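Chemist: could you work out the structure for the sequence below:
(4 chains)
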2 protein chains.
Amino acid sequence: MTVSKTASDAVRSSRALRKEPVDPAGDDSMLQLGELSGLLGYSLKRAQLRVFEDFLRCVAPLQLTPAQFSVLLLLDKNPGRNQTEIANTLGILRPNFVAMLDALESRDLCARMRSTNDRRSHILVLTDRGRAVLARAKKLVANKHEARLIEVLGPANHAALLEMLAKLAQEF
Amino acid sequence: MTVSKTASDAVRSSRALRKEPVDPAGDDSMLQLGELSGLLGYSLKRAQLRVFEDFLRCVAPLQLTPAQFSVLLLLDKNPGRNQTEIANTLGILRPNFVAMLDALESRDLCARMRSTNDRRSHILVLTDRGRAVLARAKKLVANKHEARLIEVLGPANHAALLEMLAKLAQEF
DNA sequence: GATATTAGATATAGCGGATAACAATTATTA
DNA sequence: TAATAATTGTTATCCGCTATATCTAATATC
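Modeler: Residues are numbered from 1 along each chain as shown, chains lettered A, B, ... in the order given. Sure, this is the predicted structure:
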């Protein structure tokens, strides 16, 4: 089921977007963004796309998407949880989480174990391989991805940005 | 730019996400996000979803999505441009821009005019109705949407956030 | 014990994004 | 100028993410 195709395609998809501000054909002058540059949501979305792009590039050797990485992280920090709990925490709907888990499980990164207490639910566990991949992914993310963000923004701004985004994600 | 260091359909779809940090069932304690809270991309995406959600709420009377609003804004500021130019500027692929324009044109918000210079291209123009809707939308966005963002973040932080996001969207 | 609720799963629909290919038109160049 | 290449808008199509309804097994409630 070629998980590879997914992640690599996502990286490739960046090119279409990258062409934007460059005035591709060189024909006329660049367009006026106007109040668009003052729209927070606009910059927010474009920045998010760029950041995800970079994440995919940095973690490409491990073929992990941001969503997959977040699942592995969560499983590591929260052992003994079931699908519903993990999915809810990440804002993923349960039906959509099934295929996602199938993909991770087929790569032997995690496993579903029927709970003895409640035989309806699946306790999710990281496999040894999952833990190993997660460890490598964490290093790539920290040393390549986040490092580049900190480099571009400066450490203080990076921290301030993180704080403000968290505030928006929560209290908004 | 000096970020103050102290800064230490679609509407309905918000519910699934909103349930997340609330520990919905009240069953167990909340899950540990771990290094997820330090992942810029994670907060970036969640914040973006919230902000778009709010945008849709605020502009709901006019039935405009963020993307549609950005098109109208761009047409207003850049008269005489064709589909390719507008689409490129917004990072929309030309094939996908066709249906978007069809929707706007069917609502009489803009129109395609065959160019006399180059009879392949369509010059895009705002209709009177499009200008009127855009004017109303701008007010809603400024007075409800952005106003709320500024209220939550504080004016200085709001400006700093905008600057950092623009930097990420460009120089990253 | 009957009924309601919950967990995981399936099916399905929709949207945004991406590529290939085509017709009409314009540009290039041989 | 004739032949070829490139460009514009378009269609068709695919993929991934998101959302809803529904099913089953299992559990909880009454």
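Chemist: and the residue positioned nearest the centre of chain A, how close does it get to DNA strand D?
Modeler: Closest to where the C-alpha atoms of chain A average out (Cα atoms, centre = their mean) is A:P66, at 1.8 Å. Counting by Cβ to the nearest atom of the strand, to the nearest Å, the separation of A:P66 from DNA strand D is 9 Å. For glycine as for every other residue, the C-beta is placed from the backbone atoms N, C-alpha and C.
Chemist: identify the residues contacting that residue.
Modeler: Contacts for A:P66 (Cβ atoms under 8 Å, 6 or more residues apart in numbering or on different chains) come out as A:52, A:55-56, B:39, B:41-42, B:45.
Chemist: and which of those is nearest DNA strand C?
Modeler: Minimum distance to DNA strand C across the contacts of A:P66 is 10.5 Å, recorded for A:F52 (Cβ to the nearest atom of the strand).
Chemist: that closest one and B:K45 touch, don't they?
Modeler: Yes. Using Cβ atoms under 8 Å, A:F52 is in contact with B:K45, at 7.4 Å.
Chemist: looking at those two, which one has more neighbours?
Modeler: Between A:F52 and B:K45, counted using other Cβ atoms under 10 Å in any protein chain shown, the more crowded position is B:K45 (23 against 19).
Chemist: a helix runs through the more buried one, doesn't it?
Modeler: Yes. When DSSP: H, G, I helix; E, B strand; the rest coil is applied, B:K45 is found to be in a helix.
Chemist: show the contacting residues for it.
Modeler: A:48, A:52, A:66.
Chemist: from those, pick the one nearest B:N78.
Modeler: Closest approach to B:N78 among the contacts of B:K45 (Cβ to Cβ): A:Q48, at 24.7 Å.
Chemist: how about the secondary structure of that closest one?
Modeler: Classified using three-state DSSP, A:Q48 is helix.
Chemist: what is the neighbour count of it?
Modeler: 24.
Chemist: any idea how far it is from DNA strand C?
Modeler: 10 Å.
Chemist: how close does that residue get to B:Q32?
Modeler: According to Cβ to Cβ, to the nearest Å, A:Q48 and B:Q32 sit 24 Å apart.
Chemist: and A:D102, how many neighbours?
Modeler: Counted with other Cβ under 10 Å, A:D102 comes out at 12.
Chemist: I'd guess it is in a helix, am I close?
Modeler: Yes. Secondary structure assignment places A:D102 in a helix (three-state DSSP).
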